[in-house]
Structures are given as C-alpha cells and as structure tokens.
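A.B. asks: just to be clear, the model below is a prediction. Sequence and coordinates:
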Amino acid sequence: MTIFSFTNIRPPNAGGNTVVAGINASGDVAGFYEQSGTEHGFLYSTGNFTDFGIVGTVTGLNDSDQVIGINSGGAFIYQNGNFTYLNDPSGSSTYPAAINGSGEVAGSYKDNSGVNHGFIYSNGNFTNFDDPNAGIQGTGVAAINASDQVVGDYLDNSNVEHGFIYHNGNIIEISDPAAGSSGNFSGTIVTAINSAGDVAGFYFDGSGVAHGFIYHNGVFANFSDPGAAPNSGGAGTFVYGINDSDEVTGYYNDSSGVSHGFVYNGGTFTNFSEPYAGGSPGFGTQPTAINNSGQVAGNYQSAAEQGFIATPVPILGGSGDYDTDGDRNGELLWQNLDGTVVSWDMNGAQLASIATLAQVPANWQLAGTGHFAGAPGSSSNTDAIFRSDAGDFLIVEFSGNQIVANQMAGHVPTNWHIAGIGDFNGDGKSDVLWQSDAHDVLITEMNGTQVMVNQFIGPAPAGGQAAAVADFNNDGMADILFLTPGGDLVMWEMNGTQVAVNQTIAHIPSNWRVATTGDFNGDGNADILLSSETGGQVMLEMNGTQILVNQFFAQIPSNWHITGTGDVNGDGKSDVILTSDAGDHLAWQMNGPQIVSNQLIGPGSPPSSPPQGAQASPTVATMNGQGSELRGDDGASGPAPDSMLGVLRGADPHALDHLAAAFGHDGHFLL
Ligand SMILES: [Ca+2]
Ligand SMILES: [Ca+2]
Ligand SMILES: [Ca+2]
Ligand SMILES: [Ca+2]
C-alpha cells in the first residue's frame, strides 16, 4: 500500500486536452496539449514547462530528456531545442513508439501496401524487422529497453492479438495461455518491458475480460485488480507500465465503467484515483507509465483530459504530543516510505529533533492519530492507529517516545476504509469512522485498544465521501464532513453514534476538494481548508454548520501539496504542512486565514531562500480590488516572506464575490 500525492500537468497555454505520454527517472514527463485547435508538444521538468511547437503526437521520453513524437517533418527526437528526424527510408508514416537511455528508438513504419513493419533506429541507422506470424496489418511496436529488447504485438490471420520480444534478429512469441482466441476482445497485448527483460501487458480471457500479466523467462504471472468489475467484454484490468522492481501500473474499470489507477507490486494492489478525476463511464484515472522511484504518470478526466504525476510520499499520521520536552508544540508523526515511523519534534518550522519510534511492515499503514488511551493534557501522549492490507487494525499508545501498548484491536473487511479519527461520544477517548466502497458509514467506539461498539450508521449523504472528522461546534464530540459527487458539503453533527444535525453547509465547484481541517483561529471550532485543482486555497472558519469566514488566501504551485495540519508553534492555532514532489516540507503558521509565517521545515535555522517552484502565481493578480490586496511581502519579520506564495489578504472576510470574479464562476462558488 502506497500513499501518493498528485501533481496536475497543465501547461500554461493549454486550451483543451493535455495528454501525458511518459515519465523518466527524474520524474520529468512529456506529452502534448491542445491550443486553438492545434497540438503542442511539451516537456515538464521540476515545475517548468518547455513548449516545442506544433506536433501530431508525442509518444515518450528517456532519462536524458530526449522526447520523441511526430510533427510536420515526420518522426523526431527533440532535445534542448533541436529536432533530429528519423523517417525510415524503407517506407512512410514512421511512428516512433519508445526511446531508451542510449537514444535508440523503436517504432514502426508502413510499406507501399500499408502494412506495418518494426524498426530500431540507432545513430542514424535503421534495422527493420517483422514478426513472421503477423497478419495483414503487420507488426506493431510498444517499447524498447536498455538492452535493445523490443516488445510489441500483432494480429494473426484469425484477428487474435499476440505479443513478442524482438532482440538481435530473434523473436520470442508472448501469448498468455489463459487468453481467449475468438471474439472482438481476444489474445495478448504487450505494452512494456523493463531493463531485466521482464515484460508486462494484458490479455483478454474467453469472455473478453482483460487481466494483467508479467512475463519472465517463459513464465506468466497473471493478476486481476480486486476492484475490477468485469461484467462485460472489453472491461477488466489493463497494464501499461513496468519498472525495474517489477512494479506495474495500469487501470481497471469499476462496475460503473469508470477507470481507476493501480500499482501492483508482488501480489499487492494500491488502487487510486486522481482527486479531481470525474466519474464518467469510459474514463476516470488512467496511468500510462511508472519509473524506478515508483512515480506514476498518466491522464485523468476533468473539465478536459489532464495529465498527472502520482508521487509516493510519506504518510503524515497527524499531530500530537509524543515528546517529553513539554513545549506543547504539536509534533508530527510520519510513516516514511521505508516503513520507519518517526516523530518530528517541532519548534515552529524548525525541526528540533527526529525520534524513530517503530518500523512497520510494508503491508501496514499509519492511518491516523488520536487519544485512544485518554484525553489530551493528562499523562497520556497522542496515540496512533495502523491498518493492514488484510483489514486488521491496531492501536499504538505512546509515552514520550516509547511505545507502551501495541494492541491488535480488530478486523474490518478491506472494502471498508478508515475515514477519520475523533471522539464521537465525548468520553475523552478517540473513536474510529469507517466508510465502505458502497458509501456506507460505520463508527467504532473505542476504549483504549478495546472495541466497545461497532455501530452501523447508514449510507453517507447522496453517495458522498467522508472528507473530514473534526469537532466543528466545540461540544467535545467529533462531527463528520462529507463531500457529495454533486459538490455539496454536508455536515453531520454527532452525538455519539446519533446524527444530531444533518445539514448541507455549502456547494463547491467540481474542481474543489476538502484538503484538511484544523482550528486555524484557535476558537475551539474546527475550520475547513479547501483546495482547487489549480492550486487555490480557501479557508472556511466554522461555528458548527455556520460559515463565519470564507476567504481565498493562497495560490500554490502544482508541485506542492497540502499534507495535513499540526500546531507546530504551540499557540493553539492549527498550522498547515505542505510537501513538494522533491520531498521538501513547508510550514504555514496560521492565524485564521492569514499565513503569519511561511518557512521550509528543516533542522537548525530556517533557510533564507524560498523553496524552488513556490512563487506568486500570476493568476492571483487578477483578484486585486474590492478591499483585497495582493501581498508581495507582508513586511513581517523573518527571512522568508509570504511573497513566495502570493498570499491574498482580504479586508472583506466574505470573499465570495472576489472568488467568483477570479475564477469566472457564475457567483455560485458557495451557496
Ligand atoms: Ca470516544
Ligand atoms: Ca461536535
Ligand atoms: Ca476555529
Ligand atoms: Ca500554530
């Protein structure tokens, strides 16, 4: 199980669909986007886009940022502003499918009869090849690895797909023995090969349902995503990428026909959806490639088709008091990618120390923090809850940096997910909120590590998703915030397992989501932080179901993400933790919707230079006026002014009109 953060790939001039073709070892991606009826190629690298003009298509890139595609000159390799053309002299319509680290390109061309043939291009020379079993459409090519092994597929004379590996004049046929051999969806399709020569792809069974496979030395390992609802031919599990650790990526179709991404690694699936992906049948989230860092690139459906990078990130379990220095600052509890669980002792943005608390197996995941053993302020430290891929959950109680209890608490089927931690019945001890894939809601009332009551509550409102658990009315009992597919924010004020108040509090546009909650103004009522697909940040200060303040307060670059909250300076107001794709962390010390300090988290004194890629967004400038002020530098003391994030400060706390004007909405940002 992996947690991903998502970077939206949206070139500045994109006016329609954006398609991502591949990702390299550095996390750079290449693709093309629509602008005024034409398609432009782009390379995205560490937050910056390079546009290389009108293209027919872009199909891939290598670790040296050589990009391949087709433009008016034919097939090309683009690098650093220069085009090299590689049109196979044996035919026409040269299609470059993939490029390896040596700059060798594999692809196909058409002969005078329109039949496809494979080629390898290396330093100006072409080697052409065919699979001898290919039918009248010829040989198609998908990928090439560092050893010049090329994979592809062909239709035989019975219109059944087969894959192959071509290397040095030899062909190995790849036909999964479980594949069907008749019908519209039949046979084996090869899509990827890694540096060890392991091949990935998918096959259609006798019913036309797709399943994934990895092929290694003549042996097929087949797999199907458990979320796939293969109730018809042409649906199922589709594989498009493999890395050198044999992690594969692709997508599956759910029972509604909507696509979701997965990474499959040694028998374990991590399923995911880009957070802003729409839910129309036929699309959704569709990965296309995975690099050796486990970063996945692909496309998702929003207002138009968009690209994404999914980057594996450490899990922020939450904020609490794990230390013994008594400074009352909320330390941060993380599960790192290597499974170590660490506590960061915070002093504002300064990282005073790191304590390693535990090492958990790869199939266990930090799912949140709470006070299972007792109320905060007593002798009890904050506790943590972990969930396994098999559905078990356990509670870990801390005293200082020592684990004093480590207790298996129960088992809940894996189609149920921990949606939040909070004290629903006000006994001072945390409880657990669960939500199922079918959108049902369950509360487990806990007494320390003991399950007291498993109470089925019922379906979430309007098929919604629990977005947060927090005490919005400061009555000591946790409440639940849902976001429905239609964009309604619905609050359940809870009294134990009873829904005391069930109220729609706002309607938000389809490209906004709940990022996190916290008490940002310190009045005891939890507040809501909303984020947009394009990096806008809005704070809703709450009093129960009432929105007291609704304010746009920041715009962040696409490669920075809100990770969670914690009170890092101990002033009783929640602060916001952000993480970049490069793994840097930033703390926003908050006073309501105002960012009073904006600094990289690190040991020692905070750095004086702003983080790379974090800068004022030009789109925010259009929001000036009507009592709002675009701040360059707020003049606050300290070396890292707010200028790096272009914070908008509004005199009018109800920034509804400014929001509507800024985003071109119809004034219905929040109703
Ligand atoms: Ca409780
Ligand atoms: Ca409450
Ligand atoms: Ca508050
Ligand atoms: Ca604070």
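C.D. replies: Great, that's in hand. Ligands and ions are numbered 1, 2, ... in the order given.
A.B. asks: please make it C-alpha for all contacts and neighbour counts, starting now.
C.D. replies: Noted.
A.B. asks: quick one, grab the pLDDT at residue 320.
C.D. replies: Note on residue 320: pLDDT of 88.
A.B. asks: what are the ranges of the strands in the stretch 351-500 of the chain?
C.D. replies: Remark: strands assigned in the stretch 351-500 of the chain by DSSP state E, counting those that start in this stretch are 364-370, 383-388, 392-399, 402-411, 416-422, 431-436, 440-447, 450-459, 465-470, 479-483, 488-495, 498-507.
A.B. asks: columns distance to residue 549, mean pLDDT and mean neighbour count on top of those, output as CSV?
C.D. replies: Below are the strands of the stretch 351-500 of the chain laid out as CSV (distance: least, C-alpha to C-alpha, whole Å; pLDDT from 0 to 100; neighbours: other C-alpha atoms under 10 Å):
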stretch, distance to residue 549, mean pLDDT, mean neighbour count
strand 364-370, 27, 96, 24
strand 383-388, 32, 96, 23
strand 392-399, 36, 93, 21
strand 402-411, 40, 92, 15
strand 416-422, 24, 97, 22
strand 431-436, 27, 97, 23
strand 440-447, 29, 97, 22
strand 450-459, 30, 96, 14
strand 465-470, 18, 97, 24
strand 479-483, 17, 98, 25
strand 488-495, 16, 98, 23
strand 498-507, 12, 98, 15
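A.B. asks: how about those strands, which one is nearest residue 526?
C.D. replies: With respect to residue 526, and counting by C-alpha to C-alpha, the nearest of the strands of the stretch 351-500 of the chain is strand 465-470 at 6.0 Å.
A.B. asks: so does the closest one get close to ligand 3?
C.D. replies: No: using C-alpha under 5 Å from the ion, strand 465-470 stays clear of ligand 3, coming no nearer than 10.6 Å.
A.B. asks: give me the contact list for that strand.
C.D. replies: Strand 465-470 has contacts (C-alpha atoms under 8 Å, 6 or more residues apart in numbering) with 419-422, 433, 435, 439, 460, 478-484, 514, 516-518, 526.
A.B. asks: before we move on, the earlier item: ok, which of the strands of the stretch 351-500 of the chain comes nearest ligand 1?
C.D. replies: For these, proximity to ligand 1 was assessed by C-alpha to the ion; strand 431-436 is nearest, at 5.0 Å.
A.B. asks: please list the outside residues in contact with the closest one.
C.D. replies: 372, 415-424, 441-446, 465-466, 469.
A.B. asks: nearest residue to whichever residue of the stretch 51-200 of the chain sits closest to ligand 2 other than its sequence neighbours?
C.D. replies: Ligand 2 sits closest to residue 200 of the stretch 51-200 of the chain, with a gap of 50.0 Å, by C-alpha to the ion. The spatially closest residue to residue 200, leaving aside those adjacent along the chain, is residue 214, at 4.6 Å (C-alpha to C-alpha, 6 or more residues apart in numbering).
A.B. asks: OK, contacts around residue 318?
C.D. replies: With C-alpha under 8 Å, 6+ apart, residue 318 has these contacts: 332-334, 368-369, 564-566.
A.B. asks: and those residues, which is closest to ligand 2?
C.D. replies: Among the contacts of residue 318, residue 369 lies closest to ligand 2 (C-alpha to the ion), at 18.0 Å.
A.B. asks: quick one: contacts for that closest one?
C.D. replies: Residue 369 sits next to 317-320, 382-385, 421 when contact means C-alpha under 8 Å, 6+ apart.
A.B. asks: closest to ligand 3 out of these?
C.D. replies: Nearest to ligand 3 out of those is residue 319 (C-alpha to the ion; 16.6 Å).
A.B. asks: how about the residues of this structure by ligand 1?
C.D. replies: Neighbours of ligand 1 within the chain, by C-alpha under 5 Å from the ion: 423, 425, 427, 429-431.
A.B. asks: among those residues, which pair sits farthest apart?
C.D. replies: Using C-alpha to C-alpha, the two most remote members of these are 427 and 431, lying 9.7 Å apart.
A.B. asks: who does the residue of the stretch 51-200 of the chain closest to ligand 2 bridge with?
C.D. replies: residue 192, residue 214 (DSSP bridges).
A.B. asks: quick one: residues contacting it.
C.D. replies: Residue 200 sits in contact with 190-193, 212-215, 239-242, 248, where contact means C-alpha under 8 Å, 6+ apart.
A.B. asks: turn the strands of the stretch 351-500 of the chain into JSON lines, including distance to residue 12.
C.D. replies: Shown next, in JSON lines, are the strands of the stretch 351-500 of the chain (distance: least, C-alpha to C-alpha, whole Å):
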{"stretch": "strand 364-370", "distance to residue 12": "36"}
{"stretch": "strand 383-388", "distance to residue 12": "40"}
{"stretch": "strand 392-399", "distance to residue 12": "44"}
{"stretch": "strand 402-411", "distance to residue 12": "47"}
{"stretch": "strand 416-422", "distance to residue 12": "35"}
{"stretch": "strand 431-436", "distance to residue 12": "37"}
{"stretch": "strand 440-447", "distance to residue 12": "40"}
{"stretch": "strand 450-459", "distance to residue 12": "41"}
{"stretch": "strand 465-470", "distance to residue 12": "30"}
{"stretch": "strand 479-483", "distance to residue 12": "29"}
{"stretch": "strand 488-495", "distance to residue 12": "30"}
{"stretch": "strand 498-507", "distance to residue 12": "28"}
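A.B. asks: to residue 553, which of the ones you listed lies closest?
C.D. replies: Closest to residue 553 of the strands of the stretch 351-500 of the chain is strand 498-507 (C-alpha to C-alpha; 18.2 Å).
A.B. asks: other SSEs contacting the closest one?
C.D. replies: If you count contacts as 3 or more C-alpha pairs under 8 Å, 6 or more residues apart in numbering; DSSP states H and E, strand 498-507 packs onto strand 488-495.
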